[in-house]
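> dropping the sequence and predicted coords here.
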Amino acid sequence: MYANEIAAIYDLVHEGKGKDYRKEADEIAALVRSHRPATRSLLDVACGTGQHLRHLDGLFDHVEGLELSGDMLAIATDRNPDVTFHEGDMRSFALGRRFDAVICMFSSIGHLRNTDELDSTLRCFADHLEPGGVIVVEPWWFPETFTPGYVGASVTEAGERTICRVSHSVREGDATRIEVHYLVAEPGGGIRYLTEDHTITLFPRADYERAFERAGCDVLYQEGGSSGRGLFIGTRR
């Protein structure tokens, strides 16, 4: 969940760090169609501020978004007035329709707390898929690929606003705890200091694969991807 002030600068920070939503949307569309060429509809789960959907809307006949954070959802809705959005939890949503593809990007799946939640989430995804439909999930790091003590830093200049972001990641049990600090400076508002903490579960690769299988999907793992954390691609049997 993102508070309103951080939701408002979220895109500026990540685009300033080099995130290219248009390029990623093109890659997502190509990947989905490589597994289901006739894909016409897509649901983006944990869609955030709707930046992927902004571009996916022109690549598929019908797209929708699901987001838990009301503040993020408000930005997504303003950005994509012709797209249908739903406020809901990835573990338990029910939209009453099926899609050719369901995606969950930017490691949002890692915010689940345990394998029970992972299983229920993948079942939800599969329940919203047409037979033969495709699920694409971008995971968080695996336990063996996470770097304890990692420090990230960026400075973004957007118009008259400058945003400094510093993060520190540590391992706590089977999860990553990320502490993030922001300095936001602008002529009309001076300098504001914001903080947030995230706990992101370090699910092993096998946990993801079992969750896909239990949801009735064949699954493969593709290394690389825009984040370097790879992608899971599931096909509903």
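That came in fine, so what should we check first? All values reported here derive from a predicted model rather than from experimental measurement.

> could you list the low-pLDDT ranges of this protein?
1-3 (pLDDT under 70).

> the helices in it, which residues?
4-16, 21-35, 51-56, 70-79, 115-127, 205-214 (DSSP state H).

> JSON lines please, covering those and showing mean neighbour count and distance to V45.
The C-beta positions use only the backbone N, C-alpha and C, and glycine is treated the same way. As requested, the helices of the chain are exported to JSON lines (neighbours: other CB atoms under 10 Å; distance: least, CB to CB, whole Å):
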{"stretch": "helix 4-16", "mean neighbour count": "17", "distance to V45": "17"}
{"stretch": "helix 21-35", "mean neighbour count": "17", "distance to V45": "13"}
{"stretch": "helix 51-56", "mean neighbour count": "23", "distance to V45": "11"}
{"stretch": "helix 70-79", "mean neighbour count": "18", "distance to V45": "12"}
{"stretch": "helix 115-127", "mean neighbour count": "20", "distance to V45": "7"}
{"stretch": "helix 205-214", "mean neighbour count": "18", "distance to V45": "14"}
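
> can you tell me which of those comes nearest to V155?
Within those, the stretch nearest V155 is helix 4-16; the backing value is 7.5 Å (CB to CB).

> output the helices of the chain in a markdown table, with distance to D89 appended to each entry.
Listed next are the helices of the chain as a markdown table, based on distance: least, CB to CB, whole Å:
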| stretch | distance to D89 |
| --- | --- |
| helix 4-16 | 17 |
| helix 21-35 | 22 |
| helix 51-56 | 19 |
| helix 70-79 | 12 |
| helix 115-127 | 9 |
| helix 205-214 | 16 |
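
> which of the ones you listed sits closest to G189?
helix 4-16 (10.7 Å).

> and the angle from that closest one to helix 70-79?
60 degrees (axes from the mean of the first three to the mean of the last three CA atoms, to 10 degrees).

> and helix 4-16, how far out from the chain's middle?
14 Å (CA atoms, centre = their mean, to the nearest Å).

> list the contacts of the closest residue in space to G149 that isn't next to it in sequence.
Spatially, and ignoring its direct neighbours in sequence, G149 is nearest to V170 (6.3 Å; CB to CB, 6 or more residues apart in numbering). Contacts for V170 (CB atoms under 8 Å, 6 or more residues apart in numbering) come out as 148-149, 176-177.

> of the helices of the chain, which is nearest D100?
helix 21-35 (7.7 Å).

> list the helices and strands the closest one packs on?
helix 51-56, strand 99-104, strand 129-137, strand 231-236 (3 or more CB pairs under 8 Å, 6 or more residues apart in numbering; DSSP states H and E).

> circling back: G159: which of the helices of the chain is closest?
Of these, nearest to G159 by CB to CB is helix 4-16, at 9.2 Å.

> now the angle from that closest one to helix 21-35?
Using the same axes, to 10 degrees: helix 4-16 against helix 21-35 is 80 degrees.
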